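K.L.:
Structure of the sequence below:
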Amino acid sequence: MSVLLVCPYCSFSKKLSEKKIPAAAKMAVCPHCHQKFPLSRGEKSGVGPREKPPEMLESDTLKSPPDSDAETDGIPWEKRDDLGLLNGIFLTLKKALFEPGVLFRSRNYPDGFNEPLAFGLLVGGLGDMLAFFWPVILFSFGILPFGDSVFRHLTGIWLFLTLMVRIPLAVILNMFFYSGILHLMLRMVRGGKGGYQSTFRVVAYSQAALAWNIIPFVGSWIATVWKLVIQVIGLHEIHHISYTRVMVAFLLPVFIFFALIIIAMGLLLMLLF
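P.N.:
Numbers count the residues shown, from 1 in each chain. All right, here's what the predicted structure looks like:
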């Protein structure tokens, strides 16, 4: 048998098996608004108006084990001291690519930019290097047409500077600048409740999509679309806003761009006529 737990403060709800509720548990804690409320076992399970992620139960000193989706487990990359470096990278890539909702649903986020920045730089840099290397390799074998104008001046020193300086610097600047623009758009649609740091976290871990650059030519297209999907899901989870607001935030720069073009054309016509 299961019970339906509903937070009286923010209305988040979850069906939970009675077996997962400790016998001594008297209070529940909503992980979204962090409010405590009395645990009632009298209601049978049902489909509430707004199904949400599972609650964490607590008694005076006892908490129930987390659900199978490991909502409170945090991000593997940030636990690499316990999991190992390679295992932390692999598990984070796996979650970011195929379970972004679970990845960004965690509440165990450390403060600061260091951890997401390090992951974004590592994975994003390697992904951009893959995207850069494929045309260079194809050009060296004479397969890539029209490559002379782009790659014929690429000497050893320029190749070294591109790989060691330009690509890492471009990845870092892109993450901070893009996160700033995206967070501004979120604030314009009354989102971004988690702050700029949360938006940056989503952008940094979405660099995992660049792993698709391992596929020649089409990999970069797949990576671009996949990255947007991760960001949409991640922003929805980490800021607790609707998908509609997230999509509007992404489309706002397009609307602003066309609005500026229309205004500029109007001003030009006024000057001409």
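
K.L.:
all contacts plus neighbour counts: C-alpha atoms, from now on.
P.N.:
Fine.

K.L.:
Flag the shaky bits of the stretch 151-273 of the chain, pLDDT-wise.
P.N.:
Residues of the stretch 151-273 of the chain meeting the criterion pLDDT under 70: 151-156, 158-160, 163.

K.L.:
biggest helix in this structure by residues?
P.N.:
Criterion DSSP state H: the longest helix present in the chain is helix 243-272.

K.L.:
Check the offset of that helix from the chain's centre.
P.N.:
Averaging C-alpha positions (Cα atoms, centre = their mean, to the nearest Å) puts helix 243-272 27 Å from its chain's average.

K.L.:
Just name whatever secondary elements that helix is in contact with.
P.N.:
The helices and strands touching helix 243-272, judged by 3 or more Cα pairs under 8 Å, 6 or more residues apart in numbering; DSSP states H and E, are helix 167-188, helix 218-239.

K.L.:
Of all those, which one is nearest residue 255?
P.N.:
helix 167-188 (11.4 Å; Cα to Cα).

K.L.:
Give me the contact list for that closest one.
P.N.:
117, 120-121, 124-125, 128-129, 192, 195-196, 199-200, 203-204, 245-246, 249-250, 252-253 (Cα atoms under 8 Å, 6 or more residues apart in numbering).

K.L.:
Now a ChimeraX select for only the buried ones of these.
P.N.:
A single ChimeraX command selects the buried members of those (16 or more other Cα atoms under 10 Å):
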select :117,120,121,124,125,128,129,192,196,199,200,203,204,245,246,249,250,252
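
K.L.:
Out of the contacts of helix 167-188, list just those in helices.
P.N.:
117, 120-121, 124-125, 128-129, 196, 199-200, 203-204, 245-246, 249-250, 252-253.

K.L.:
Spit out the contact partners of residue 124.
P.N.:
Residues near residue 124 by Cα under 8 Å, 6+ apart: 171, 207-208, 210.

K.L.:
same question but for residue 122, I mixed them up
P.N.:
Residue 122 touches nothing, counting by Cα under 8 Å, 6+ apart.

K.L.:
Report the separation between it and residue 129.
P.N.:
Taking Cα to Cα, to the nearest Å as the measure, residue 122 falls 11 Å from residue 129.

K.L.:
just residue 92 next, same as before
P.N.:
With Cα to Cα as the criterion, residue 92 and residue 129 are 20 Å apart.

K.L.:
Next: residue 268.
P.N.:
Residue 268 sits 43 Å away from residue 129, going by Cα to Cα.

K.L.:
Break the protein down into its domains, please.
P.N.:
As assigned by automatic domain parsing, the chain contains the domains 2-58, 76-257.

K.L.:
which stretches of the stretch 1-150 of the chain have low pLDDT?
P.N.:
Scanning the stretch 1-150 of the chain for pLDDT under 70 picks out 1, 10, 31-34, 40-73, 107-108, 135-150.

K.L.:
Show me the strands in it, by range?
P.N.:
2-6, 13-17, 27-29, 36-38, 56-58 (DSSP state E, counting those that start in this stretch).

K.L.:
Make a ChimeraX selection of the buried ones in the contacts of residue 124.
P.N.:
Remark: buried members of those, expressed as a ChimeraX selection using 16+ other Cα under 10 Å:
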select :171,207,208,210
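
K.L.:
Show me the contacts of residue 124 that map onto helices.
P.N.:
Residues of the contacts of residue 124 located in helices (DSSP H): residue 171.

K.L.:
out of the contacts of residue 124, what pair is the most spread apart?
P.N.:
Of all pairs in the contacts of residue 124, the most separated under Cα to Cα is 171 and 208 at 12.5 Å.

K.L.:
Common neighbours of those two, please.
P.N.:
Common neighbours of residue 171 and residue 208 (Cα under 8 Å, 6+ apart) are 120, 124.

K.L.:
how far away is the residue lying closest to residue 208 once chain neighbours are set aside from residue 227?
P.N.:
With Cα to Cα, 6 or more residues apart in numbering as the criterion, residue 208 has its nearest non-adjacent residue at 5.6 Å, and that residue is residue 93. Distance of residue 93 to residue 227, computed by Cα to Cα: 12 Å.
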